[in-house]
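*Asks:* take this sequence and fold it.
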Amino acid sequence: MIKIKIEFFGRARLIADQEYIYIDIEKQIMEIDLIKIIASAKPALLGEVIDRKTFRLKKSYNFGINGIKNVNNDIMCLNNDDSILIFSSQSGG
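*Replies:* Reported below is the predicted structural model:
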């Protein structure tokens, strides 16, 4: 098991009512399983950020791993102290 940080940005942060959480997971995890763990820790995200039926991020949200946008791999290989960022794909510069 490893410990990772889940960081929320924008609307996801408002809904989660928290900047970040820490969770313990397996080093290799399916994206859907990670999202289920996040949904369990922060149920307010269901329906708004996380699709209730598919347990995928809604199309208007993205994952980032250590500040790099995820390319939507089904299996994620993470390391202890990695950060998962959940942010709106609508945000820009």
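*Asks:* quick one: pLDDT of Gly93?
*Replies:* Gly93 carries a pLDDT value of 42.
*Asks:* and what of Ile6?
*Replies:* On the pLDDT scale, Ile6 gets 97.
*Asks:* is Met30 in a bridge, and if so with what?
*Replies:* Beta-bridge pairing of Met30 under DSSP bridges involves Ile75.
*Asks:* can you tell me which residues contact it?
*Replies:* By C-beta atoms under 8 Å, 6 or more residues apart in numbering, Met30 lies in contact with Asp74, Ile75, Met76. From N, CA and C alone the C-beta is placed, and that goes for glycine too.
*Asks:* quick check: it vs Ser88, distance?
*Replies:* 23 Å (C-beta to C-beta, to the nearest Å).
*Asks:* circling back: most neighbours out of the contacts of Met30, which is it?
*Replies:* Within the contacts of Met30, Met76 tops the neighbour count with 20 neighbours, counted by other C-beta atoms under 10 Å.
*Asks:* paired strands for the lowest-mean-pLDDT helix or strand in the chain, with orientation please.
*Replies:* Of all helical and strand segments in the chain, the minimum by mean pLDDT, DSSP states H and E falls on strand 68-69, at a mean of 77. Looking at strand 68-69 with DSSP bridges, its partner strands are strand 61-65 (antiparallel).
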